[in-house]
Each structure stands twice: as structure tokens, then as C-alpha cells.
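**Q** whatever this is, show me its structure:
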Amino acid sequence: MTSSSSKLRSMTFLVLAEVAALSLWFVSSATLPGMMAEVAMSSGQQAALSSAVQLGFVLGAFVSAFMGVADRFDPRRVLALCACIAAVANLGLAFVSPASPVAVLLRLITGIMLAGVYPVGMKIAAGWGLKDRGLLVAILVGALTFGSSLPHLATLLGGADWRIAVYSTSIAAFAGGLVVLATGLGPHHARSPAFSARSITLAWTDKRIRRAYGGYLGHMWELYAMWAWLPVAAAASFAVSLDVESANRLASLTAFLSIALGALACIWAGRAADRIGKANVAIIAMAGSFVAGLATAASFGGPWWLTVLLFIIWGITIIPDSAQFSALVADAAPPQLAGSLMTFQTALGFLLTFATVQLTPLLAEHVGWQATLAVMALGPAIGIVAMWSLRERAMQ
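**A** Residues are numbered from 1 along each chain as shown. Purely as a prediction, here's the structure:
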């Protein structure tokens, strides 16, 4: 089998595995309206259920980064094992009360295991190219994005029974864990026989890595808070002019389209990044996300079709920069440490999202969803500042 055919085959299986496994991420967010119709849940319980995945991911990613899991072990086996365990934990949601601590624990376990799926997948993708690394990692982030949209589609198709989304995503994730075993490792994959946690200090001592981390944190400020609470915020906006059932169904459709179409934007961004520079593409995307976020906030409670359109535009612009932060780290890091440094990057980013996802509904209770959406949009503005010097270097 030729190198190009091996690359295509491996990336295809990797993308399928990532789409399937990452469908677990927003199961609780997508099914929350159905859960609340079945059992009373306080705003704190809702936030805990939605943010437990973020917290679990942070815990898993920090442990993985400091142990060098992605660099010391076969990443395909790590990804397969973690995806299958996450699928089983997700399935458990169908058999416990959504308001119980056990449900939160299951979501926490799911998040811990997903730390062995997303960043480990980036390690595999980065090993398949140098000149087209921006595109390869972008394809993987596109897979993550599309996978994250699937619970909203499953909820929409499943109707009133929220457990259908739980069953379908669990089966898909378990299958994805098996599929990834068919992938190969690229010619630029490097394995570290021994890993020192001190290597993580490159995140501070290397300016290129530090700047990429800073841009990523600005990006993550808005991303998962927007994704997690989009159905709730959109439903609140649509309810001004529509009945509750219609508003909820339209909100699920809006969430699916906003996230799924962002996956396509990742592919465009990856191609552009390999031509005009990864930092430049990241800055363009963050500028678009900043404007779209403010526009969506301004339209809140207005004509439903306008808010739908703006949410979709926001969803398209909010994600394409994500892959480029990771690709910049992979470019700057020693090959045998790239997996751990990308994992550490995601750990810091998701630590931030744990706070933003948890605090978003509480902020909305005090100032309303319109102001809360505007606050989300501040993150990319900060990210642009962090990335500016990398843009100047890329243009020289």
C-alpha cells in the first residue's frame, strides 16, 4: 500500500472514530429539555450535568499530559480503550435519574475518557504530515465539531424520548473505538520512550507555544459555553414569538446546524492555513466570531429567523481557529513531545470551559441571555491580542 493511500485510509478511519466518540460530549446539553420535562432540576443541577464532562476532560487531560500518555503509548489503543469506556458510561445515563449525583458522575467519567480521544487523535493526525499539518488537524477538529452536533440531531429525531439520543450516541462511540484500531501511524509520528513532566515547561519558555496557548484560551472562553447553552438560549429567544414546543424544536435544529456547519468551515480554514499561515487564519476566525457573537446578542428576542441565521454564522466562525492553535503547538514542539503539549493545551482550555459552562446559566439568571451572549464574545478579542505577534512573524 502506497504512503498516500495509507494516509487517506488512516485519516478516514480516524475521522470516523472521532465523529462517533465525540458525539458523547453534548448528550446532556442536547437532552436537557427532555430531562427537565421528566424530572425537576435546579439551575445548579443543570449546570453540574453539563459541565461535568468539561471537568472530567480537564482531570483526564492533565493526568495524560504529565504522564506523557500520547507520546509513550500506542495512541490508537489509547483512543480505542477510552472511547469504549466513555460509551459505556454514557449509556448509564439512560438508567439513572438525570437529577441524581450518579448522572453527574457518569458524565464526569465520560469526560475523563474523552481526554484520551480528542488530543490523542490530534497526535495521530499530526504524524501524517508537515506541510499540510494545518489541514490534517483541521479535519480532525471538523470531525469533533460534527460529532458534537449529533446529539442535537438525535434529540430532534427522537422526539420526546431523550433516551434515544443516549442509546444512539453510546452505540456510535463504542463502534468508533473499534474503528480506530484500523488506522496506521504516519511517518512523522514520534514516540518518547521516557517522558519528563518538566518538558511541559516549554508551554511557558517557548514564546510560540505560549502565544498559541494564549490564543486558544481566548477561543475556549466562548466556544463550549456557546455550544453547551445554545439550545437553552435559542429556545428562550424563540419563545418570545413562538409556542414553547416549537421554540424548543427550532432551538435543537439551530444548535445542530450551527455546530455541524462549523465542521465544514474547519476544512476551509485548514486549507487556507497551509497557504497563508495558521496564525493569520486563527485571527480572521476570531474576528468573525467576535462580530457574530455580538450580533447574535443584539438580535435576541427579535425575529426568530434572524436569530437563527446569526447563531449559524456564529457557529461557523467560532470553531475554524481551534485546529490552528494545536497545529502551531505541533509545529513548535519537539515531535516526541507534541502529543503531551497539545494535551496540556487542551487541559488548560477545558479547565477554563468548566468555569464558563458552569457560570453561564447563573449569569443568565442575573443579567439575561442577551447580555450573557455578549460576554461570551469577549474571548476571541483577547485571543487576537495573544496571537498578534505570531501573525507578524508569519507574514515576514
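**Q** surely residue 93 touches residue 166?
**A** Yes - between residue 93 and residue 166 there is a contact under CB atoms under 8 Å: 5.0 Å. Placement of C-beta: from N, CA and C, glycine included.
**Q** which neighbours do these two have in common?
**A** residue 27 (CB atoms under 8 Å, 6 or more residues apart in numbering).
**Q** for residue 384, grab phi and psi.
**A** Torsion angles at residue 384 (phi, psi; degrees, to the nearest 10) stand at phi -60, psi -40.
**Q** ok, it to residue 285 distance?
**A** 10 Å (CB to CB, to the nearest Å).
**Q** compare these two (neighbour count), which wins?
**A** The residue with more neighbours, out of residue 384 and residue 285, is residue 285; 29 against 22, by other CB atoms under 10 Å.
**Q** element containing the more buried one, please.
**A** helix 278-299 (DSSP states H and E).
**Q** can you name every helix or strand that that helix contacts?
**A** helix 207-238, helix 244-276, helix 304-318, helix 322-332, helix 338-376, helix 378-395 (3 or more CB pairs under 8 Å, 6 or more residues apart in numbering; DSSP states H and E).
**Q** what angle do that helix and helix 378-395 make?
**A** 160 degrees (axes from the mean of the first three to the mean of the last three CA atoms, to 10 degrees).
**Q** got the CA positions of helix 278-299 in CSV?
**A** The C-alpha trace of helix 278-299 is given here as CSV (Å, rounded to 0.1, in the frame of the first residue of the first chain):
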residue,chain,number,x,y,z
LYS,A,278,-2.0,29.3,10.7
ALA,A,279,-1.9,32.3,13.0
ASN,A,280,-3.4,34.5,10.3
VAL,A,281,-6.4,32.1,9.8
ALA,A,282,-6.9,31.9,13.5
ILE,A,283,-7.1,35.7,13.8
ILE,A,284,-9.5,36.0,10.9
ALA,A,285,-11.8,33.4,12.5
MET,A,286,-11.7,35.0,15.9
ALA,A,287,-12.5,38.4,14.4
GLY,A,288,-15.5,36.9,12.7
SER,A,289,-16.6,35.1,15.8
PHE,A,290,-16.4,38.3,17.9
VAL,A,291,-18.6,40.2,15.5
ALA,A,292,-21.1,37.3,15.1
GLY,A,293,-21.4,36.9,18.8
LEU,A,294,-22.3,40.5,19.4
ALA,A,295,-24.7,40.5,16.5
THR,A,296,-26.5,37.4,17.9
ALA,A,297,-26.8,39.0,21.3
ALA,A,298,-28.3,42.1,19.7
SER,A,299,-30.9,40.0,17.9
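**Q** next, the buried residues of that helix.
**A** Buried residues in helix 278-299, counted by 16 or more other CB atoms under 10 Å: 278-290, 292-297, 299.
**Q** kindly provide the whole-number mean pLDDT of the helix or strand where residue 81 lies.
**A** Per DSSP H and E, residue 81 falls inside helix 75-91. Regarding helix 75-91, the rounded mean pLDDT is 95.
**Q** next one: stretch 203-222
**A** pLDDT averaged over stretch 203-222 gives 90.
**Q** which ones are touching the closest residue to residue 134 other than its chain neighbours?
**A** In this structure, residue 134 finds its nearest non-sequential neighbour in residue 273, 3.4 Å apart by CB to CB, 6 or more residues apart in numbering. Contacts for residue 273 were tallied using CB under 8 Å, 6+ apart; they are 134-135, 138, 280-282, 323-324, 327.
**Q** mind redoing it with 10 Å?
**A** 132-135, 137-138, 279-282, 284-285, 320-321, 323-324, 327-328, 394 (CB atoms under 10 Å, 6 or more residues apart in numbering).
**Q** okay, and for this protein, where does confidence drop off?
**A** 1-2, 158-160, 191-199, 392-396 (pLDDT under 70).
**Q** helices along the stretch 51-200 of the chain, start to end?
**A** Secondary structure of the stretch 51-200 of the chain by DSSP state H, counting those that start in this stretch: the helices cover 69-72, 75-91, 101-114, 118-126, 133-158, 163-179.
**Q** ok, which of those comes nearest residue 219?
**A** helix 133-158 (11.1 Å; CB to CB).
**Q** run a quick neighbour tally on the nearest residue to residue 249 once chain neighbours are set aside.
**A** Nearest residue to residue 249 in three dimensions, chain neighbours excluded: residue 156, at 6.7 Å (CB to CB, 6+ apart). Close neighbours of residue 156, defined as other CB under 10 Å, add up to 18.
**Q** give the contact list for residue 156.
**A** 30, 165, 248-253, 255-256.
**Q** please apply the same query to residue 217.
**A** So residue 217 contacts 325, 345, 348-349, 351-353, 379, 382-383, 386 (CB under 10 Å, 6+ apart).
**Q** returning to what we had before: got the angle between the helix holding residue 285 and helix 207-238?
**A** 20 degrees.
**Q** off-centre distance for helix 278-299?
**A** Between the centre of helix 278-299 and the centre of its host chain there is 17 Å, according to CA atoms, centre = their mean, to the nearest Å.
**Q** stretch 258-265 now?
**A** Offset of stretch 258-265 from its chain centre (CA atoms, centre = their mean): 12 Å.
**Q** and that stretch, which residues are buried?
**A** Buried-residue list, stretch 258-265, by 16+ other CB under 10 Å: 258-263, 265.
**Q** what about residue 64, neighbour count?
**A** With other CB under 10 Å as criterion, residue 64 counts 26.
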